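S.K.: next comes the sequence, and after it the predicted model I'd like to discuss.
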Amino acid sequence: MLINWRALKNRMSPRAEFLGKLRCNIGTRSLWERHRGLILATAAVVSLQSVLIVWLILQRSRLKRAERSLRDSEERMSLAAEAANLGMWVWDVGRDEVWTTNKGRALFGFAPDTRLDNAALISRVHPEDRAARDLAIRRAIETQGKYAMEYRVLLPDGTQRWIDARGHCIDVGDPKGTRLLGVSMDVTAQKEAQDRFRLVVEASPNGIVLVNARGHIVLVNACVEKLFGYGREELIGQGIELLVPERFRGEYPANGAGFHAESAARAIGAGLELFARRKDGTEFPVEIGSSPIQSQGTQVLNVIVDISERKQAEAEALQHREEIAYLSRVAIMGEMAGSLAHELNQPLGAIVTNAGAGLRFLERDSLSGEKLRELLQDIAADGRRASDVIRTVKGMGRKEEGTRQLLDLNDVIAELVRLTRSDALVHDCTVLTWLHPAVPKVEANLVQLQEVFLNLILNAFEASKEVPRVRRRVIIRTERDGDGAIRASVRDFGTGLPADKPERVFDRFFSTKREGMGIGLFIARAIVVAHGGTLYAENAEGGGAHFWLRLPASKEIGV
């Protein structure tokens with residue numbers, strides 16, 4: 001059956017036609033046109049969520065990096081603290097919670113899993129130190145400042161330990177969020193060392209003064225109180241100049257570090273004796289030894305020795321030596337009596353002879369002016385010769401020895417050879433002199449130098465008595481010994497020195513002569529040493545003894 005749609009369409013009602021057109025229009029509109037607002041809103045929400053997700057991912061990454069950096073930092077700090085033997089700790093004051101490293105727990109004897117608070121720590125502090133520690137911590141919290149002190153802790157097993165604690169406050173913005181951050185260190189060994197040091201210092205028989213870099217006294221011992229008359233509390237904190245006489249402060253050693261070894265050495269080298277001053281103003285001689293100590297800054301440890309008794313003993317010994325030397329010279333003069341008499345008889349006899357000849361010429365009335373002049377010149381020369389002998393003998397017999405002067409060693413030896421001529425004749429001994437013509441002068445005491453050579457020459461005569469006459473010779477020699485010294489020797493061909501120890505002849509009271517006192521050569525060596533020289537002896541090749549004397553040449557120009 002065929003349907004005529006055109007005819008049917010024409011027969012449709014207007015309403016049906018409207019509905020048909022509407023259905024046609026709806027079928028042709030897009031989804032975007034129908035839901036634009038909803039789509040836009042949904043897209044915005046999704047974009048915002050994506051941004052938030054990305055931001056959260058980034059924040060989480062940063063947080064992980066920060067946590068990793070914090071852990072690394074804490075590990076490094078813990079390693080550094082462990083290496084330095086330190087215990088790190090943090091006290092949250094508001095919550096009363098204490099965090100510390102394992103080293104910090106070990107210092108106080110706590111197990112790793114023990115909960116810590118301030119009361120737990122206080123329980124381990126020595127009862128005598130609790131109040132001071134608590135006061136120091138409260139002051140740091142109140143002032144938001146630093147905290148530092150040393151105190152003792154008592155461990156459960158009874159062990160006592162010294163702790164050096166240092167810290168400072170951290171303000172986290174909350175009034176109740178104050179935290180105290182710091183480190184603790186075991187200083188027991190250092191404290192014990194300090195205690196031992198104080199015991200040693202206190203037990204020292206010498207005065208000990210510890211001075212800081214500013215020249216202030218920080219420690220003294222009981223001996224210092226006894227030496228200087230000050231109480232310990234009067235000295236601590238005072239400048240070291242308090243113990244130094246004013247007249248010496250410019251010479252030594254109050255230069256910021258107190259008694260200083262180099263300054264004291266310079267003073268001694270300059271011939272200055274070091275003195276200290278007591279509380280009552282009196283002074284006394286001292287010896288000072290100084291040593292720097294690197295502990296909490298440079299400090300100088302000074303050991304002060306009162307040498308008053310030593311100085312007195314040295315003065316008495318010097319006087320005793322002078323007495324012995326005087327007696328030795330008197331004894332030598334007794335031994336030389338024959339020589340001295342001979343030396344005086346010769347010029348005196350010549351004077352008498354010349355005077356007698358003059359008188360006879362006058363009686364004959366045959367004394368011319370020229371003859372009288374010759375007689376008077378001979379008498380004057382013999383008088384001077386006798387005067388020289390008397391002056392030499394008088395100088396040797398004088399108790400005081402006078403000062404040093406520039407001397408020609410050759411002249412001294414020549415004079416003594418002349419004085420001992422009669423002794424040489426008595427011992428039938430020949431004296432030979434080999435004197436260097438250009439030896440420099442020496443700075444010495446004439447009487448003492450004469451005493452030395454007299455001892456050597458007379459001993460050489462005595463040593464030659466037991467040998468045949470043909471061997472009785474004494475050789476005296478002078479020569480240069482380098483640029484700065486003169487060497488002289490006295491050599492005999494006698495019985496010689498003790499074979500085992502030739503140097504024994506210089507010992508006090510040792511003598512190879514039956515009637516000898518045993519002090520002549522001892523004094524001779526002491527004199528030479530006091531002049532900066534040396535005197536030694538040896539057995540000479542071919543027999544006899546050889547004495548060598550070495551003296552420094554004078555440094556004065558033109559001598």
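M.R.: Right, received. Where do you want to start? This is a predicted model, so every value here is computed, not measured. Numbers count the residues shown, from 1 in each chain.
S.K.: export stretch 411-420 as CSV, just CAs?
M.R.: This file holds the C-alpha atoms of stretch 411-420, laid out as CSV (Å, rounded to 0.1, in the frame of the first residue of the first chain):
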residue,chain,number,x,y,z
ASP,A,411,157.6,41.1,82.6
VAL,A,412,155.9,39.3,85.5
ILE,A,413,157.8,36.1,84.7
ALA,A,414,161.1,38.0,84.3
GLU,A,415,160.7,39.7,87.7
LEU,A,416,159.9,36.4,89.4
VAL,A,417,162.9,34.7,87.8
ARG,A,418,165.1,37.4,89.2
LEU,A,419,163.5,37.1,92.7
THR,A,420,164.0,33.3,92.7
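S.K.: please state the offset of it from the chain centre?
M.R.: The chain centre lies 49 Å from the centre of stretch 411-420; the measure is CA atoms, centre = their mean, to the nearest Å.
S.K.: low-confidence regions, the stretch 1-150 of the chain specifically.
M.R.: Applying pLDDT under 70 to the stretch 1-150 of the chain flags the ranges 1-34, 66-85.
S.K.: if we go to 80?
M.R.: Judged by pLDDT under 80, the stretch 1-150 of the chain has its weakly predicted residues at 1-41, 43, 45, 51, 59, 61-86.
S.K.: go on, the stretch 401-550 of the chain?
M.R.: For the stretch 401-550 of the chain, the ranges with pLDDT under 80 are 401-403, 419-423, 425-426, 447-448, 451, 482-484, 499-520, 522-523.
S.K.: strands of that one, start to end?
M.R.: If DSSP state E, counting those that start in this stretch is used as the criterion, the strands of the stretch 401-550 of the chain fall at 405-407, 430-435, 442-444, 473-480, 485-492, 534-539, 545-552.
S.K.: tell me which of the ones you listed sits nearest to Ser290.
M.R.: Among those, the nearest to Ser290 by CB to CB is strand 545-552 (31.3 Å). Quick note: C-beta positions are derived from backbone N, CA and C, even for glycine.
S.K.: now do that closest one and strand 473-480, the angle between them.
M.R.: Taking axes from the mean of the first three to the mean of the last three CA atoms, to 10 degrees, strand 545-552 and strand 473-480 form an angle of 20 degrees between their directions.
S.K.: so Leu449 makes contact with Val412?
M.R.: Yes - checked against CB atoms under 8 Å, the pair Leu449 and Val412 is within contact range at 5.7 Å.
S.K.: the more surrounded of the two?
M.R.: Ranked by neighbour count (other CB atoms under 10 Å), Leu449 and Val412 place Leu449 first, with 23 against 19.
S.K.: so who does that one touch?
M.R.: Taking CB atoms under 8 Å, 6 or more residues apart in numbering as the contact definition, Leu449 lies against Leu407, Leu409, Val412, Val442, Ile527, His531.
S.K.: then Trp55?
M.R.: Here Trp55 is in contact with no residues (criterion: CB under 8 Å, 6+ apart).
S.K.: again with Pro552
M.R.: With contacts defined as CB under 8 Å, 6+ apart, Pro552 is in contact with Val442, Gly484, Ala485, Ile486, His531, Gly532, Gly533.
S.K.: buried among those residues? Make that a PyMOL selection.
M.R.: Applying 16 or more other CB atoms under 10 Å to the contacts of Pro552, the buried members can be selected in PyMOL as follows:
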select buried, resi 442+485+486+531+533
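S.K.: the contacts of Pro552: which two are farthest apart?
M.R.: By the measure CB to CB, Gly484 and His531 form the most distant pair in the contacts of Pro552, at 13.8 Å.
S.K.: if we can go back for a sec, so which of the strands of the stretch 401-550 of the chain gets nearest Gln49?
M.R.: Between Gln49 and the strands of the stretch 401-550 of the chain, the shortest gap by CB to CB is with strand 545-552, which sits at 106.4 Å.
S.K.: using PDB, list the CA coordinates for the closest one.
M.R.: Listed in PDB are the C-alpha atoms of strand 545-552, where the atom choice follows Å, rounded to 0.1, in the frame of the first residue of the first chain:
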ATOM      1  CA  ALA A 545     156.100  17.600  85.100                       C
ATOM      2  CA  HIS A 546     154.600  20.100  82.700                       C
ATOM      3  CA  PHE A 547     152.200  22.800  83.900                       C
ATOM      4  CA  TRP A 548     150.200  24.700  81.400                       C
ATOM      5  CA  LEU A 549     148.500  28.000  82.100                       C
ATOM      6  CA  ARG A 550     146.100  29.700  79.600                       C
ATOM      7  CA  LEU A 551     144.700  33.200  80.100                       C
ATOM      8  CA  PRO A 552     142.500  35.300  77.800                       C
END
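S.K.: partners of that strand in the sheet?
M.R.: According to DSSP bridges, strand 545-552 forms sheet pairs with strand 485-492 (antiparallel), strand 534-539 (antiparallel).
S.K.: got a list of contacts for stretch 478-492?
M.R.: Contact partners of stretch 478-492, identified using CB under 8 Å, 6+ apart, comprise 409-410, 413, 434-436, 438-440, 442, 453, 456-457, 459-461, 463-464, 473-477, 533, 540, 544-553.
S.K.: just the buried subset of these, please.
M.R.: In the contacts of stretch 478-492, the ones that pass as buried (16+ other CB under 10 Å) are 409-410, 413, 435, 439-440, 442, 453, 456-457, 459-461, 463-464, 473-477, 533, 540, 544-553.
S.K.: Gln448: neighbour count?
M.R.: 21.
S.K.: ok, now Ile304?
M.R.: The tally of other residues near Ile304 (other CB under 10 Å) stands at 23.
S.K.: just the one 3 residues further on next, same as before
M.R.: By the criterion of other CB under 10 Å, Ile307 has 16 neighbours.
S.K.: that one against Pro285, yeah?
M.R.: Yes - Ile307 is in contact with Pro285 according to CB under 8 Å; the separation is 5.1 Å.
S.K.: list the contacts of the nearest residue to Phe461 once chain neighbours are set aside.
M.R.: Nearest residue to Phe461 in three dimensions, chain neighbours excluded: His427, at 4.4 Å (CB to CB, 6 or more residues apart in numbering). If you count contacts by CB under 8 Å, 6+ apart, His427 has them with Phe461, Glu462, Ser464, Lys465, Arg472.
S.K.: please consider this matter closed, and thank you.
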